[in-house]
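In: Quick one, what's the 3D model for this:
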Amino acid sequence: MARARRPFQERRELGRGASGRVILADWREPSGPLQRGQRVAVKLLHEQPSPELRASFETECRLGKGPRHPALTPVV
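Out: This is a model prediction of the structure:
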């Protein structure tokens with residue numbers, strides 16, 4: 001099955017851990033606060049995460065969207 005086109009172009013891997021990996025990427029299309037060509041860090045879960053891992057990731061995303069400060073990376 002073909003994977004849908006991602007809204008970013010992967011440049012390189014920044015790190016890898018138990019839940020997945022973080023990559024450096026360029027955003028392809030304007031979306032919310034992101035502009036075309038903007039450099040972003042993207043966290044990708046492993047191919048088939050467990051339900052517990054998926055729930056933990058969703059909680060991390062929800063909590064990360066709250067704080068706003070120039071020293072913090074925005075979560076979108």
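In: tell me the contacts of residue 37?
Out: Contacts for residue 37 were tallied using CB atoms under 8 Å, 6 or more residues apart in numbering; they are 26-27. All C-beta spots, glycine's among them, are computed from the backbone N, C-alpha and C.
In: From residue 7, how far out is it?
Out: Distance, residue 37 to residue 7, using CB to CB, to the nearest Å: 12 Å.
In: Kindly report the same for residue 24.
Out: For residue 24, the distance to residue 7 - CB to CB - is 15 Å.
In: what comes up buried for stretch 7-17?
Out: residue 8 (16 or more other CB atoms under 10 Å).
In: same question, stretch 17-36
Out: Neighbour-count burial for stretch 17-36 [16+ other CB under 10 Å]: 19-20, 23, 25, 27, 34.
In: Next: stretch 38-51.
Out: 40, 42-43.
In: count of residues packed around residue 60?
Out: 13 (other CB atoms under 10 Å).
In: sec struct for the residue nearest the centre of the chain, please.
Out: Central residue of the chain (CA atoms, centre = their mean): residue 42, 3.0 Å from the mean position. Assigned with DSSP: H, G, I helix; E, B strand; the rest coil, residue 42 falls in the strand class.
In: what's near enough to touch it?
Out: 8, 10, 22-23, 25.
In: rewinding a little: and the buried residues of stretch 17-36, which of them are in strands?
Out: Of the buried residues of stretch 17-36, the ones assigned to strands by DSSP state E are 20, 23, 25, 27.
In: Looking at the buried residues of stretch 17-36, spot the one nearest residue 62.
Out: residue 19 (15.5 Å; CB to CB).
In: Would you agree that closest one is in contact with residue 58?
Out: No. Using CB atoms under 8 Å as the test, residue 19 is too far from residue 58 to be in contact (11.7 Å).
In: hmm, back to that, how close does the residue nearest to the centre of the chain sit to residue 10?
Out: Distance from residue 42 to residue 10, by CB to CB: 8 Å.
In: Also residue 35?
Out: 18 Å.
In: do the same with residue 29
Out: For residue 29 relative to residue 10 (CB to CB), the value is 15 Å.
In: Which residue ranges of this protein form strands?
Out: 8-16, 20-27, 39-45.
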